[in-house]
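Asker: predicted model and sequence follow; I will ask about them next.
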Number of protein chains: 2
Amino acid sequence: MYVVNFNEREVTDVDMAGAKNVTVRWLIGKRTGALNYAMRLFEIAPGGIIPLHNHEEEHEIFVLNGTAKLIGDLEGYAKKDDIVFVPPNEPHGYDNVEGTEIFRFVCVIPLLDKE
Amino acid sequence: MYVVNFNEREVTDVDMAGAKNVTVRWLIGKRTGALNYAMRLFEIAPGGIIPLHNHEEEHEIFVLNGTAKLIGDLEGYAKKDDIVFVPPNEPHGYDNVEGTEIFRFVCVIPLLDKE
């Protein structure tokens, strides 16, 4: 068992085509004890975006701060204290281009081999 | 895909021997799309406690608000913006008996048959 502040985790830029001003921290990954699923923390700075993309793994998300415009079939916004569920293979993205706050969220994903 | 505020989920008292002033919301459970793991939100009000207990499932936790004293082998506190990882079968609990704020956290657990 351990307790750590999220800021103690290494922060890296997200390497995805079209992504802008996005960072990720692997809060609980394979190297830090995860057994079945990983917990990551993403930040999209004002002016930033995670473009439309999709993958097999589902996402379970909790929004910690800010507001982002949804990209994809579902129109609207995700904001602080919202839950977002993304089923497998559904295209999704988050637009903070016109935002004024950091859009920060926790995103849980089934374990990937890479982490 | 959906987006909902956590307050839209039904809140129920936690039914555990020795638990006091604790509620749970199943944010993403089997009935709401979860495939491999469930996301819940717990609140321990000031004066409340989740007593020492253990189970096979690991916990991946993100603390949203407040501070609680850890119960178990690991001494210390968990507070806002902390990650808590609880491995399988490790006894754990959270004490907010002397706290002044709600201790609120997101807790991800492998899917249980009951939800």
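Answerer: That came through, no problem.

Asker: could you use CA atoms for every contact and neighbour count after this?
Answerer: Fine.

Asker: can you spell out which helices and strands pack onto the biggest strand by length in chain A?
Answerer: Taking DSSP state E as the criterion, chain A has its longest strand at strand A:37-53. Using 3 or more CA pairs under 8 Å, 6 or more residues apart in numbering or on different chains; DSSP states H and E, the elements in contact with strand A:37-53 are strand A:20-28, strand A:92-96, strand A:103-110.

Asker: go again using 10 Å as the cut-off
Answerer: strand A:12-13, strand A:20-28, strand A:59-65, strand A:67-71, strand A:92-96, strand A:103-110, strand B:59-65, strand B:103-110 (3 or more CA pairs under 10 Å, 6 or more residues apart in numbering or on different chains; DSSP states H and E).

Asker: tell me the centre residue of chain A?
Answerer: A:Phe42 (4.2 Å; CA atoms, centre = their mean).

Asker: and that residue, how far from chain B?
Answerer: Taking CA to the nearest CA, to the nearest Å as the measure, A:Phe42 falls 13 Å from chain B.

Asker: how close does that residue get to A:Cys107?
Answerer: Using CA to CA, to the nearest Å, we find A:Phe42 at a distance of 7 Å from A:Cys107.

Asker: then A:Ala17?
Answerer: A:Ala17 is 19 Å from A:Cys107, by CA to CA.

Asker: who has more neighbours, the two?
Answerer: Comparing A:Ala17 with A:Cys107 by neighbour count (other CA atoms under 10 Å in any protein chain shown), the higher total belongs to A:Cys107, at 22 against 10.

Asker: list the buried residues in the longest strand of chain A.
Answerer: Of the residues in strand A:37-53, A:37-52 count as buried by neighbour count, 16 or more other CA atoms under 10 Å in any protein chain shown.

Asker: from the residues you listed, which two are the most distant?
Answerer: Pairwise distances across these peak at 29.9 Å for A:Tyr37 and A:Gly47 (criterion: CA to CA).

Asker: check contacts around A:His92.
Answerer: A:50-55, A:70-74, A:86, B:1 (CA atoms under 10 Å, 6 or more residues apart in numbering or on different chains).

Asker: low-confidence ranges, chain A, go.
Answerer: The model of chain A has pLDDT under 70 over residues A:113-115.

Asker: let's go with 80 and repeat that
Answerer: For chain A, applying pLDDT under 80 flags the ranges A:112-115.

Asker: related to what we said a few turns ago, of the helices and strands packed on strand A:37-53, which approaches B:Asp13 most closely?
Answerer: Closest to B:Asp13 of these, according to CA to CA: strand B:103-110, at 14.0 Å.

Asker: any residue of that closest one up close to chain A?
Answerer: Yes. On the criterion CA under 10 Å from any CA of the partner chain, strand B:103-110 is in touch with chain A at B:106, B:108-110.

Asker: so what sits against both of A:Phe42 and A:Cys107?
Answerer: Going by CA under 10 Å, 6+ apart, residues that sit against A:Phe42 and also against A:Cys107 are A:24, A:26, A:63.

Asker: follow-up on the earlier one: you'd agree the residue nearest to the centre of chain A is up against A:Val11?
Answerer: Yes. In this structure A:Phe42 lies within contact range of A:Val11 using CA atoms under 10 Å: 9.2 Å.
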